[in-house]
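**Q** Just to be clear, the model below is a prediction. Sequence and coordinates:
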Amino acid sequence: MERVSDKKKIVVLTGAGISAESGLKTFRDSDGLWEGYEVTEVATPRAWRKNPTLVLDFYNMRRRDVAKAEPNAAHQGLAELEKDFDVHIITQNIDDLHERAGSTKVLHLHGEIFKMRSESDETLVYDIREDILLGQQAEDGAQLRPHIVWFEEPVPMIQYAAPLVRLADIFVVVGTSLVVYPAAGLVDFALPGAHKFIIDKKIPYTSPIHNLTTIEQPASVGVRLLKEKLGALK
């Protein structure tokens with residue numbers, strides 16, 4: 001039986017584009033989920049301090065949206081790659097669609113919608129499927145907030161993501177504009193000899209990247225084409 005260590009390592013960075021086909025709006029589209037809201041009103045520490053009720057309502061709506069959504073062919077296709085490769089998903093998305101599709105190694109850079117944490121102690125994290133309510137407290141007595149990395153907050157999981165990318169034999173980017181940092185900088189950690197693929201409806205500008213293949217397609221179509229190309233790289 002083949003050991004995981006014998007398989008080539010694929011590291012996949014995914015963004016909002018992969019979940020858009022599951023009906024989850026993206027903030028970069030004209031009908032994006034930020035429509036009607038300034039980012040500063042719902043996704044910053046300042047917004048939380050100013051109007052926690054609005055912020056909670058906003059993420060409670062996002063949680064309901066994700067609960068109703070289903071993984072699409074792109075999520076499922078990436079999960080299926082685990083049959084032949086050692087696959088690690090690094091996602092900018094806060095949904096759980098990768099996990100529900102069957103991916104077993106998923107690192108969430110920007111937090112998870114089905115988790116909440118103390119506003120005072122970020123290590124006090126709890127699962128949540130329903131709404132988070134104002135007055136709902138963590139065990140330290142502090143208000144519970146979404147376990148989401150807001151704009152203007154550090155991205156602690158990047159310290160685990162960057163070394164992972166450096167170990168990749170194959171690095172894939174799916175459905176991200178590569179403009180949100182620090183996640184966008186992960187492509188620079190891929191070794192020159194690693195095979196690199198970018199899949200997006202509109203390929204973002206990238207400075208010259210060695211060994212790069214671009215697939216300008218929606219995520220579901222792009223992942224199917226990717227699987228065909230990876231057949232020669234097993």
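**A** On my side now, so go ahead.

**Q** list the helices and strands the longest strand along the chain packs on?
**A** Longest strand of the chain, by residue count under DSSP state E: strand 111-118. Strand 111-118 is packed against helix 52-68, strand 125-127, strand 144-148, with contacts defined by 3 or more CB pairs under 8 Å, 6 or more residues apart in numbering; DSSP states H and E. The way it works is simple: take the backbone N, C-alpha and C, and place the C-beta from them, glycine included.

**Q** What is the subsequent helix or strand relative to the helix or strand bottoming out on mean pLDDT in the chain?
**A** Here the helix or strand of the chain ranked lowest by mean pLDDT, DSSP states H and E is helix 39-42, holding a mean of 82. As assigned by DSSP states H and E, the chain's next helix or strand after helix 39-42 is helix 45-50.

**Q** Any idea what the residue lying closest to residue 59 once chain neighbours are set aside is bridged to?
**A** Of all residues not flanking residue 59 in the chain, residue 146 sits nearest, at 4.3 Å (CB to CB, 6 or more residues apart in numbering). Beta-bridge pairing for residue 146 (DSSP bridges): residue 116.

**Q** and the gap between residue 146 and residue 65?
**A** To residue 65, residue 146 is 14 Å away according to CB to CB, to the nearest Å.

**Q** With neighbour numbers in mind, choose between these two.
**A** A side-by-side neighbour count of residue 146 and residue 65, using other CB atoms under 10 Å, places residue 146 first with 26 against 16.

**Q** residues contacting that one?
**A** Residue 146 is in contact with 55, 56, 59, 111, 113, 115, 116, 117, 132, counting by CB atoms under 8 Å, 6 or more residues apart in numbering.

**Q** what's the helix or strand for the last one?
**A** Residue 132 belongs to no helix or strand when elements are defined using DSSP H and E.

**Q** Do me a favour and get the backbone dihedrals for it.
**A** phi -90, psi 130 (degrees, to the nearest 10).
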